[in-house]
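*Asks:* only geometry, no sequence info:
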């Protein structure tokens, strides 16, 4: 998609074939993509099916107040009598930017102050010590317990 967009943006100045000689894409690929944009009936069967399924996935997601995740949307579609793979529902929801609600509070371990100066890295990311007991480094690790972090 990025290469197709690049060719579309620069084809008036350079032409399709010269750009395709530089990029790892065949000119026929770009021409086929352009033909499919002009005539959606030339789309592959999977792309046509995806468009129909996206509407149904969106409908189930919206009817349930936008809280259903992949598993629940998939199960609802199965209850309605449609055989669809769970990974297909996941792929479509990801492409549409849909995500179910996650239970629980989000874990927030650090509230950084962007205005505060950062301490300097005194070892310049070189963590090898020339001799024992010469270099000490530390790390903050948050451990989840029943009482919190």
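*Replies:* Received the coordinates, thanks. Because the structure is a prediction, the values reported are computed rather than measured.

*Asks:* measure the residue nearest the centre of the chain to residue 100 for me?
*Replies:* Among the residues of the chain, residue 94 comes closest to the average C-alpha position under CA atoms, centre = their mean, at 6.7 Å. With distances taken as CB to CB, to the nearest Å, residue 94 is found 12 Å from residue 100. For every residue, glycine as well, the C-beta is placed using N, CA and C.

*Asks:* anything in contact with each of those two?
*Replies:* Common neighbours of residue 94 and residue 100, using CB atoms under 8 Å, 6 or more residues apart in numbering, do not exist here.

*Asks:* List the buried residues for the longest helix along the chain?
*Replies:* Using DSSP state H to define each element, the chain has its longest helix at helix 45-63. By neighbour count, with 16 or more other CB atoms under 10 Å as the criterion, the buried positions of helix 45-63 are 50, 53, 56, 57, 60, 61.

*Asks:* contacting residues around that helix?
*Replies:* Contacting residues not belonging to helix 45-63 are listed as 40, 68, 73, 76-77, 82, 84, 88-89, 92-93, 95-96, 98 [CB under 8 Å, 6+ apart].

*Asks:* With stretch 99-108 instead?
*Replies:* For stretch 99-108, contacts defined as CB under 8 Å, 6+ apart pick out 66, 67, 68, 69, 70, 72, 73, 93, 144, 149.

*Asks:* List the residues that contact residue 84.
*Replies:* Taking CB under 8 Å, 6+ apart, one finds 53, 74, 77, 78 in contact with residue 84.

*Asks:* and it, which of the three is it?
*Replies:* Secondary structure assignment for residue 84 (DSSP: H, G, I helix; E, B strand; the rest coil): coil.
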